[in-house]
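A.B. asks: How does the following fold in three dimensions:
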Amino acid sequence: MTNATKPTIHIPAITLNDGHLIPQIGLGVLRIDDEGVVPVVENALAAGYRHIDGAAGYNNEAGVGRALAVTGFNTGKARESLWLTTKLRDSQQGYDSALRAFDDSLAKLQVDYVDMYMIHWPTPFDWRSGETWKAFVKLREEGRVKTLGVCNFLPEHLERLHEETGEWPAVDQIELHPTWQQREVVAFCKAHGIAVEAYSPMARGADLNAGDGTIERIAAVHGVTPAQVILRWHIENGTIIIPKSVHADRQKENLDLFGFVLDPAEHAAIDELDGPTRAGHDPLTFTYA
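C.D. replies: Below is the predicted model:
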């Protein structure tokens with residue numbers, strides 16, 4: 001692949017509160033080992049992905065970096081065309097430790113800057129987000145990070161961060177799918193100009209069968225897959241999504257969301273699937289990496 005490679009599909013962008021534009025669909029790379037992630041990222045870039053969502057805690061930043069280097073997406077115009085996110089390990093929160101951790105991430109990724117740096121979990125039982133954010137601001141001022149974000153923050157955590165720093169993050173990446181819609185968090189983010197990014201957008205596959213066949217019936221009407229129906233629902237909600245797939249054909253399918261539209265009744269039927277059970281972890285008690 002050369003730097004001149006053009007994506008074959010147009011992906012909408014979401015304008016963030018800092019003025020930057022983030023592609024609405026990205027590739028998630030959680031639970032892919034450092035060797036295995038290289039062809040996964042290469043295939044995604046070839047398919048037209050221009051947004052990679054990584055994290056130090058995934059233990060595969062070096063593999064992502066190798067994929068970016070071998071495809072030419074780590075420098076020049078190709079790098080400018082790519083949105084690259086990484087996240088700070090919870091164990092490295094704090095001012096000095098965050099700065100050191102970022103240097104390590106940048107070296108592994110083989111790039112001069114990242115587009116978004118994120119606090120991975122709020123860890124309210126060991127709150128260090130205020131000091132961490134000050135380090136993030138320094139990195140932004142140095143031009144080594146463009147956009148600052150958080151993951152798994154509930155409204156109380158967003159408010160505390162704002163009280164301590166005077167800033168709202170540009171993005172809050174949260175677990176979000178038809179059976180766990182987090183409407184209070186989403187409403188708070190929208191009220192404060194924070195873009196919502198969904199991880200586990202299909203509940204790791206569990207929501208494909210949600211609602212006694214609701215998703216499958218809608219898919220049959222449009223001649224698409226249940227996965228495409230759920231991802232299209234997110235797109236129509238204005239949510240940024242980062243579906244993970246290690247399979248090249250599935251990666252392409254996850255981008256191919258713009259040849260159909262859910263009618264209002266179909267969209268409402270998916271809205272009605274909201275439930276009380278998350279697929280992942282509780283931000284009030286969990287720490288990762």
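A.B. asks: Give me the neighbour count for T71.
C.D. replies: 20 (other CB atoms under 10 Å). To be clear about C-beta, it is placed using only N, CA and C from the backbone, and glycine gets the same treatment.
A.B. asks: and the gap between it and Q110?
C.D. replies: 11 Å (CB to CB, to the nearest Å).
A.B. asks: got it, and Y199?
C.D. replies: Counting by CB to CB, the gap from Y199 to Q110 is 24 Å.
A.B. asks: Neighbour count for these two, which is higher?
C.D. replies: Legend: neighbour count by other CB under 10 Å for Y199 and Q110, higher for Y199 (22 against 18).
A.B. asks: For that one, give me its contacts.
C.D. replies: 28, 30, 53, 151, 173-176, 242, 280 (CB atoms under 8 Å, 6 or more residues apart in numbering).
A.B. asks: Please enumerate the helices of the stretch 51-200 of the chain.
C.D. replies: 61-71, 76-80, 95-109, 129-141, 155-165, 183-191 (DSSP state H, counting those that start in this stretch).
A.B. asks: Rounded mean pLDDT for the fifth one, please.
C.D. replies: Here the mean pLDDT over helix 155-165 is 98, rounded to a whole number.
A.B. asks: ok, and what's touching it?
C.D. replies: Looking at helix 155-165 with CB under 8 Å, 6+ apart, the contacting residues turn out to be 122, 124, 127, 129-130, 133-134, 137, 150, 153, 167-169, 172, 184-185, 188-189, 192, 194, 283.
A.B. asks: Drop anything exposed from those.
C.D. replies: Listed as buried from these are 122, 129, 133, 150, 153, 168-169, 172, 185, 188-189, 194, 283; burial here means 16 or more other CB atoms under 10 Å.
A.B. asks: which stretches of this structure aren't confidently modelled?
C.D. replies: Scanning the chain for pLDDT under 70 picks out 1-8.
A.B. asks: Tell me the one of the contacts of Y199 nearest L16?
C.D. replies: Q173 (12.5 Å; CB to CB).
A.B. asks: And the strands in the stretch 1-150 of the chain?
C.D. replies: Ranges of strands within the stretch 1-150 of the chain are 13-15, 21-23, 27-28, 51-53, 83-88, 114-119, 145-151, based on DSSP state E, counting those that start in this stretch.
A.B. asks: want to throw those into CSV with distance to Q251?
C.D. replies: Shown next, in CSV, are the strands of the stretch 1-150 of the chain (distance: least, CB to CB, whole Å):
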stretch, distance to Q251
strand 13-15, 19
strand 21-23, 14
strand 27-28, 7
strand 51-53, 12
strand 83-88, 16
strand 114-119, 20
strand 145-151, 22
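A.B. asks: quick one, which of those strands is nearest to G63?
C.D. replies: strand 51-53 (11.3 Å).
A.B. asks: Please identify the buried residues of the closest one?
C.D. replies: Quick answer for strand 51-53 (16+ other CB under 10 Å): 51-53.
A.B. asks: From those residues, pick the one nearest E61.
C.D. replies: I52 (10.6 Å).
A.B. asks: any idea how far S97 is from the closest one?
C.D. replies: 24 Å.
A.B. asks: list the contacts for the residue lying farthest from the centre of the chain?
C.D. replies: Relative to the mean C-alpha coordinate of the chain, counting by CA atoms, centre = their mean, the farthest residue is V221 (29.1 Å). By CB under 8 Å, 6+ apart, the contact list for V221 reads E266.
A.B. asks: Many thanks, have a good one.
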